[in-house]
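In: Could you work out the structure for the sequence below:
(one chain, ligands or ions: 2)
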Amino acid sequence: MIQVQELTKRYGDFEAIQGVSFSIGKGEIVGFLGPNGAGKTTTMRILSCFMPPTSGSGSIAGLDLFRNSLEVRKRIGYLPEHPPLYPEMTVRGYLFFVATIKGISKREQKAKLSKAIEQCGLVEVQDRLIGRLSKGYRQRIGIAQALIHDPEVVILDEPTIGLDPAQIIEIRRLIKSLAGERTILLSTHILPEVSMLCNRVIVINRGKILASDAYEKLTSEMDRGQRLHLKARGLDVERLRSLPGIVDVQSEDADSCLVEAEQGKEMREAVSRYVISQGWGLLELTSKSLTLEEVYLRLISESEGYSA
Ligand SMILES: Nc1ncnc2c1ncn2[C@@H]1O[C@H](COP(=O)(O)OP(=O)(O)OP(=O)(O)O)[C@@H](O)[C@H]1O
Ligand SMILES: [Mg+2]
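Out: Ligands and ions are numbered 1, 2, ... in the order given. Just a heads-up that it's a prediction; the model follows:
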């Protein structure tokens, strides 16, 4: 549904993104992750036809981003990083204006407007001036304008930033409810949000894509049975630490600990044999997969040339 090849964007001498390629299938919800300045907003602006790349190509729903940009725009809903709103308009007036320029027919306008207002928690403020509303409400208006025309593809640049906790839950629920029929790319710095919403993750740093994988694949591929949770009666953490192949042992309580093996080593058998040889009562030994946060930090630090 979304495809980009070798996108590059230069601002003067500075290359904000370099050789960015990925594809997103219909119905996927993909999380776009990366540190500040990584190139997320730049990529999303190109995808939404807000600006052209310096080089590279892309398409949405089979339509070329550059040759068919008007058609593409009809099919996407885009929440920019800083939604452009008109402070002197009322919420309802602005959304009515958006509905008109997006070509929603007169017959459908009222129903679509009311649905967007309700979905984004704007009922109480619909007649107020946008300029007088708080940041969170303006963010909600930005989301409402992105969704009002029921687009096939939704591109959301940090959708939950600035929202209160209850509204964050509402907006996440809304995004999840769009899944299936719609294709969604969203950027965020809240990693648990990605595990809650997304089936896939694209990680970018310094303008280059580091990973583009299913969430489970990313966490299990980097793990390879390296971290174990051990529970054993009579456990002596110091002695376990001396076992070859083990990098670190962190005590959790008197009977349990987290064992970290050297990269790429499968230590379950060796650890269980050692526990038994020491006469400790083995109660539990499980492989602990990495969290998205750990995977993310590892990818970023590896790309910066340090090991995590
Ligand atoms: N109009 C511009 N002119 C010059 N440099 C720019 C411009 N827009 C973005 N950049 C630079 O391009 C790089 C990528 O910026 P971008 O906004 O895409 O990052 P981001 O991943 O969205 O970051 P954040 O998480 O902070 O939103 C940054 O180094 C930024 O300073
Ligand atoms: Mg950004």
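In: wait, isn't residue 137 in contact with residue 123?
Out: No. At 11.6 Å, residue 137 and residue 123 do not qualify as touching, with contact defined as Cβ atoms under 8 Å. All C-beta atoms are positioned from the backbone trio N, CA, C, and that covers glycine.
In: higher neighbour count, the two?
Out: Using other Cβ atoms under 10 Å as the criterion, residue 137 and residue 123 rank with residue 137 on top: 22 against 10.
In: Can you tell me the element that one falls in?
Out: Per DSSP states H and E: residue 137 is located in helix 135-147.
In: next helix or strand past that helix?
Out: strand 153-157.
In: For the helix or strand following that following strand, list the C-alpha coordinates in PDB.
Out: For strand 153-157, the following helix or strand on the C-terminal side (DSSP H and E) is helix 165-178. In PDB, the C-alpha atoms belonging to helix 165-178 read as follows (Å, rounded to 0.1, in the frame of the first residue of the first chain):
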ATOM      1  CA  PRO A 165      -3.900  10.200  29.900                       C
ATOM      2  CA  ALA A 166      -7.600   9.600  29.300                       C
ATOM      3  CA  GLN A 167      -7.500  11.000  25.800                       C
ATOM      4  CA  ILE A 168      -4.300   9.000  25.000                       C
ATOM      5  CA  ILE A 169      -6.300   5.900  25.700                       C
ATOM      6  CA  GLU A 170      -9.200   7.100  23.600                       C
ATOM      7  CA  ILE A 171      -7.000   8.000  20.700                       C
ATOM      8  CA  ARG A 172      -5.100   4.700  20.900                       C
ATOM      9  CA  ARG A 173      -8.500   2.900  20.800                       C
ATOM     10  CA  LEU A 174      -9.500   5.000  17.800                       C
ATOM     11  CA  ILE A 175      -6.300   4.200  16.000                       C
ATOM     12  CA  LYS A 176      -6.700   0.500  16.800                       C
ATOM     13  CA  SER A 177     -10.300   0.600  15.500                       C
ATOM     14  CA  LEU A 178      -9.000   1.900  12.200                       C
END
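In: and helix 165-178 with strand 153-157, angle?
Out: Using axes from the mean of the first three to the mean of the last three Cα atoms, to 10 degrees, one finds that helix 165-178 and strand 153-157 are set 150 degrees apart in direction.
In: Other residues contacting stretch 166-179?
Out: 27, 29, 119-121, 136, 140, 143, 147, 154, 156, 159-160, 163, 184, 186, 193, 196-197 (Cβ atoms under 8 Å, 6 or more residues apart in numbering).
In: Mind checking which of the residues you listed are buried?
Out: The neighbour count (16 or more other Cβ atoms under 10 Å) marks 29, 119-121, 140, 143, 147, 154, 156, 159-160, 163, 184, 186, 193, 197 as buried among the contacts of stretch 166-179.
In: Any idea how far the helix or strand of the chain with the lowest mean pLDDT is from the middle of the chain?
Out: Sorting the helices and strands of the chain by mean pLDDT, DSSP states H and E puts helix 215-221 at the bottom, at a mean of 75. On the basis of Cα atoms, centre = their mean, to the nearest Å, helix 215-221 sits 15 Å off its chain's mean C-alpha point.
In: Can you point out the buried residues in it?
Out: Under 16+ other Cβ under 10 Å, the buried positions of helix 215-221 are 215, 218-220.
In: repeat for stretch 53-61
Out: 53, 56, 58-61.
In: Tell me how many other residues surround residue 151.
Out: 20.
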